[in-house]
Structure formats: C-alpha cells, structure tokens
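**Q** next come a sequence and a model predicted from it.
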Amino acid sequence: MHTLLIRLLKIQVGRDMELEQARFNMIEQQIRPWDVLDQRVLDLLASVPREDFVPEAYRRLAYADIAIPLDEGEVMMHPKLEARMLQAVDLHPTDVVLEIGTGSGYVTALLATMTRHVYSVEIHPALSETAAARLAARGLENVTLEVGDASRGWDGGDRRYDVIVITGSLPQLPASFQNKLNRGGRLFAVVGEAPVMEAVLVRREGPHAHDFSREALFETEVPPLRNAPRPRRFVF
C-alpha cells in the first residue's frame, strides 16, 4: 500500500510538472509572440491554472493553441486571444466588469483576479453551474453569475460597467452594449462574419451618444454568440 501511494504521488508530481511546463510554453511561444507584453497579463496567466477550467478529457491540452470543446456545443477561446483581450481592456483593481459568455469560467477567473467585481452572463444553465463550482474552488467571491440570453445586450437594471468583454463574435455590435459603459469604459468584441472578423476596442469618452471611439485591433475568427442578431440583407 505504501509503495502504491508513493508511485501515485510520483505520477501526480510528473503530471503537475508537465502542466507547469506547458503553461510556461504557452506564455513564451504563443502569448508573447502575439504582442502581449503587459507583464500584469503575463503574470496573471502564469498564476491561474487553465487546466482547472477545461473538461477533464482535455486537461493535458489546456495550454495548446486550440479552441477546446465545451458542453452545449461551445468552445473556449484560444489562449492567445484571451490574452490579447485582457491586454486590450487594460484592467484595474477598481473596475466592475460585464462578461458575455461565461463558458468554462476561465476568463471569468482571470477577470475577477484583477478587478473589483465581475458580472458574467451565460445562456446555458449547465455551463454556468459548472463554472460556479470551478470559481468557488478557487475562492473567488467577487463574481456574480447570471443565466440568460445577452446576444442583444444585457439589462442589469441601472448598472454600468468599466469593462465589457464579449467572448463570442457578433455580425454587428449592438449599441446597447456600449451604452452600458461608464465614462472611460472599454469594450472588447469580435465583429463580423466568417471568414472576415475583426477584434475591436470601443471606449466611452463622454456621456453623449457620439462620445465613443472605436479601434480595430486585429483580424481573427471566433464562433458566434448564440442567437446573435444577423443584419438584414437586401434581396434584389
């Protein structure tokens, strides 16, 4: 029995070291080369174990440059895209964040680690429930998970946000999202339809409808947000 226990411990240590090396490789070979140089983001990615947020069958692929499948037909973002998103919105400890698409809960954990509070909306109740358990296991108490369809925006009453991140793509970005930003707030979204999509950063510079700036960041491709409204097309 004692010998078996030692053997199992050695196997576990070996797996932990393998994942630690994979995490290091992800940062150095995927993240840095993709122009993510904010040390706060790099340190965050090194400190939050991504393997704790992926389905068990994909645990050893947690740091691979792939979109890991989740239940309900959803997927996780590629790690380098998650990193670019975090860098773009320039998180601060006082920020209140709205995340559209909780998914595995990994990005939620990253956001919560760096900000005051995260409100995260997921359309699939089962995914939200699983994410809640994972976040609780990390002791993250500054997260409010909500279940609903936020494809056209999220009400949230009178609540406003310093940061909004949308983890699925949208053919067009509804104004309802940016109108929920505080002054100085930042919004990250991937806009367009395959194969032409673009990550954009919207900033709210003032209180009026025209007080927004929009910056094109990079081209990418992300699965669409469930029920995302599609633009009307003219039929001749």
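**A** Happy to help now that I have it.
**Q** name the element the residue most central in space within the chain belongs to?
**A** Computing the C-alpha centroid of the chain and ranking residues by CA atoms, centre = their mean puts V107 first, at 3.7 Å. Assigned by DSSP states H and E, V107 belongs to helix 106-114.
**Q** helices and strands around that helix, which ones?
**A** Under the contact criterion of 3 or more CB pairs under 8 Å, 6 or more residues apart in numbering; DSSP states H and E, helix 106-114 touches helix 39-47, helix 79-89, strand 96-100, strand 117-122, helix 125-137, strand 143-147, strand 161-166. Using the backbone N, CA and C atoms, a C-beta is placed for each residue, glycine as well.
**Q** tell me the buried residues in it?
**A** In terms of neighbour count (16 or more other CB atoms under 10 Å), helix 106-114 has its buried residues at Y106, V107, T108, A109, L110, L111, A112, M114.
**Q** the residue lying closest to the second one once chain neighbours are set aside: what's it in contact with?
**A** Counting by CB to CB, 6 or more residues apart in numbering, the nearest residue to V107 once its immediate chain neighbours are dropped is E82, at 5.8 Å. For E82, the residues meeting the contact criterion (CB atoms under 8 Å, 6 or more residues apart in numbering) are Y106, V107, L110.
**Q** from P195, how far out is E82?
**A** Taken as CB to CB, to the nearest Å, the spacing of E82 relative to P195 amounts to 21 Å.
**Q** ok, now N25?
**A** 29 Å.
**Q** show me which of the two is the more surrounded one.
**A** N25 (13 against 7; other CB atoms under 10 Å).
**Q** so the more buried one, which of the three states?
**A** In terms of secondary structure, N25 is helix; the call rests on DSSP: H, G, I helix; E, B strand; the rest coil.
**Q** my guess is it meets A64, correct?
**A** No. Proximity of N25 to A64 does not meet the contact threshold set by CB atoms under 8 Å, at 9.7 Å.
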